[in-house]
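Asker: Prediction below, plus the sequence it came from.
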Amino acid sequence: MKEFFTRQNIIFNFLEGKEKADTLLDGLDEQGINPDEYINSVEESINFIVTNNIKVTDAGLFMASPVLELENRWV
C-alpha cells in the first residue's frame with residue numbers, strides 16, 4: 001500500500017508541474033512498472049476518453065449522448 005501512495009504522489013506532483021518526467025518514470029521503474037507500458041496505457045486511456053466524448057462534470061465522468069450535447073448548446 002505504501003508503494004501505491006508513493007506512486008500516486010509522484011504522479012500528482014508531476015501533473016501539477018512539481019516533478020520532472022524523469023522522476024516519474026524512474027519512480028515507476030523502481031516499483032517494477034515498465035515506464036513505456038505505463039505511458040502507452042495512459043495514452044490509450046486519453047484516446048478512449050476523447051474518442052468516446054466523455055465529459056468531466058462536478059458529479060464525475062459521463063458519456064455524452066447526442067441529446068445532452070444539443071441541450072448543452074442551448075444552455
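Answerer: Yep, that arrived. The structure presented is a predicted model; accordingly, all values stated were derived computationally and were not measured.

Asker: Could you measure from residue 56 over to residue 49?
Answerer: Between residue 56 and residue 49 the distance, using CB to CB, to the nearest Å, works out to 9 Å. Every residue, glycine included, has its C-beta placed from N, CA and C.

Asker: out of those two, which sits in the busier spot?
Answerer: It is residue 49, of residue 56 and residue 49, that has more neighbours when counted by other CB atoms under 10 Å, with 14 against 9.

Asker: Tell me which helix or strand the more buried one sits in.
Answerer: helix 35-51 (DSSP states H and E).

Asker: what do you get for residue 17?
Answerer: Using DSSP H and E, residue 17 sits within no helix or strand.

Asker: Could you give the number of residues near it?
Answerer: Residues lying near residue 17 (other CB under 10 Å) number 7.

Asker: Quick check: it vs residue 53, distance?
Answerer: For residue 17, the distance to residue 53 - CB to CB - is 28 Å.

Asker: Dead centre of the chain: give me the residue that sits there.
Answerer: What sits nearest the mean C-alpha location of the chain, by CA atoms, centre = their mean, is residue 42, with 6.2 Å.

Asker: residue contacts, it?
Answerer: Residue 42 sits next to no residue when contact means CB atoms under 8 Å, 6 or more residues apart in numbering.

Asker: strand partners of the next helix or strand along the chain from the helix holding residue 49, parallel vs antiparallel please.
Answerer: As assigned by DSSP H and E, the chain's next helix or strand after helix 35-51 is strand 54-57. Strand 54-57 sits in its sheet next to strand 60-63 (antiparallel), going by DSSP bridges.

Asker: Next, the buried residues of the helix holding residue 49.
Answerer: Residues residue 38 are the ones in helix 35-51 that count as buried (16 or more other CB atoms under 10 Å).

Asker: Let's see that helix as CSV, backbone CA atoms only.
Answerer: The C-alpha trace of helix 35-51 is given here as CSV (Å, rounded to 0.1, in the frame of the first residue of the first chain):
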residue,chain,number,x,y,z
PRO,A,35,7.6,3.2,-17.9
ASP,A,36,6.9,2.7,-21.6
GLU,A,37,4.0,0.4,-21.0
TYR,A,38,2.6,2.9,-18.4
ILE,A,39,2.9,5.8,-20.9
ASN,A,40,1.2,3.7,-23.6
SER,A,41,-1.6,2.8,-21.1
VAL,A,42,-2.2,6.5,-20.2
GLU,A,43,-2.2,7.4,-23.9
GLU,A,44,-4.8,4.7,-24.7
SER,A,45,-7.0,5.9,-21.8
ILE,A,46,-6.8,9.5,-23.0
ASN,A,47,-7.6,8.4,-26.6
PHE,A,48,-10.6,6.5,-25.3
ILE,A,49,-12.0,9.5,-23.4
VAL,A,50,-11.6,11.8,-26.4
THR,A,51,-12.9,9.3,-28.9
